[in-house]
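> after the sequence you'll find the predicted model.
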Amino acid sequence: MMAGSHIALGAAAWFAAAPRLGMPALDPLSLGLAVLGSLLPDIDHPKSWVGKRVWPLSLVCAKLFGHRGMTHSLIAVAGCAALLLDGRMPLPITAPLVVGYLSHLVADLLTPGGLRLAWPLKGTWSLPLCRTGSAFEPLVVALMLSWAWGATKERFDPQAGLRAAGVCRILGPELPSLCGPGVLPGPQANRVGLAWLRDTLPPVISR
């Protein structure tokens, strides 16, 4: 599938998985990590979105493994499982990355090209639902994203998102309708704008 489809499906997978993992589906950091994970398997393709941004590494991966090679195989799935079970990295980091990564593999499995799950063997596995870049692809993605969004009980709060990103700390007086009342100037605003760090880091460190 195309990069945009993988991004949407990575977000959809996190919407569906986060509540079952006891994590917030709409946390900006987690959602961003899920999206990043959804692009990582294509590091074996120099012309992919992520491949262009890590070009020397993607070229090496392409020459060693080929596209949809090791990074799209059961070896990669085992690596994801090992990352989750290792415990040296906090679960709030590894879980969305792994969910996004696996969403990429599932999405590619739905195309005629399929996956070489038993890489380095040459056999290909697929459930050909839609061709990459076809007009049917956006419809499949939209349906899956709609289902995942409807499955989560959380709802996006734009004011909370702006505050968490620190936008209200800087532009609060100019954006009163978006940031809401009670935007504090100076050091107190900085504390509010970065409150998510206070709430997030202690459990991360404790792990």
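All right, it came through fine. Keep in mind it's a predicted model, so treat the numbers as computed, not measured. Residues are numbered from 1 along each chain as shown.
> start to end distance for stretch 49-63?
One end of stretch 49-63 sits 18 Å from the other (Cα to Cα, to the nearest Å).
> distance between that stretch and the chain's centre?
19 Å (Cα atoms, centre = their mean, to the nearest Å).
> now it: buried residues?
50-51, 58, 61-62 (16 or more other Cβ atoms under 10 Å). All C-beta spots, glycine's among them, are computed from the backbone N, C-alpha and C.
> per the record, what domains does this structure have?
Taking automatic domain parsing as the domain assignment, the ranges for the chain are 3-155, 159-206.
> could you dump those to TSV with mean pLDDT?
Below are these laid out as TSV (pLDDT from 0 to 100):
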stretch	mean pLDDT
domain 3-155	88
domain 159-206	47
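> hey, which of those domains is tucked in deepest?
domain 3-155 (a mean of 17; mean count of other Cβ atoms under 10 Å).
> in TSV, list the buried residues of stretch 49-63 along with distance to T71 and secondary structure.
Formatted as TSV, the buried residues of stretch 49-63 follow (distance: Cβ to Cβ, whole Å; DSSP: H, G, I helix; E, B strand; the rest coil):
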residue	distance to T71	secondary structure
V50	11	helix
G51	11	helix
S58	10	helix
C61	7	helix
A62	10	helix
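> now these as JSON lines including distance to I7?
Converted to JSON lines, the buried residues of stretch 49-63 look like this (distance: Cβ to Cβ, whole Å):
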{"residue": "V50", "distance to I7": "11"}
{"residue": "G51", "distance to I7": "15"}
{"residue": "S58", "distance to I7": "18"}
{"residue": "C61", "distance to I7": "20"}
{"residue": "A62", "distance to I7": "21"}
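> what two of those residues are the furthest from one another?
Spanning the widest gap among the buried residues of stretch 49-63 are V50 and A62, at 12.2 Å by Cβ to Cβ.
> any idea which helix or strand carries W149?
helix 136-151 (DSSP states H and E).
> please enumerate the helices of the chain.
Remark: helices assigned in the chain by DSSP state H are 3-17, 28-39, 49-53, 55-65, 74-86, 91-109, 136-151, 158-165, 167-171, 176-179, 186-193, 195-206.
> how about residues contacting the fifth one?
It stands for helix 74-86. Where contact means Cβ atoms under 8 Å, 6 or more residues apart in numbering, the residues beyond helix 74-86 that reach it are 41, 70, 89, 91, 94-95, 97-98, 101-102, 105, 117-119.
> and which of the residues you listed is nearest W125?
Nearest to W125 among the contacts of helix 74-86, with distances taken as Cβ to Cβ, is L117, at 5.0 Å.
> can I assume L33 is in contact with G100?
Yes: here L33 reaches G100: they are 6.9 Å apart, a contact under Cβ atoms under 8 Å.
> quickly list what's touching both of those two.
Residues touching both L33 and G100 (Cβ under 8 Å, 6+ apart): there are none.
> spit out the contact partners of the closest residue to D108 other than its chain neighbours.
Once flanking residues are discounted, D108 sits nearest to L115: 5.7 Å by Cβ to Cβ, 6 or more residues apart in numbering. Contacts for L115 (Cβ under 8 Å, 6+ apart) come out as 68, 72-73, 105, 108-109, 124-126.
> how near is L115 to K52?
22 Å (Cβ to Cβ, to the nearest Å).
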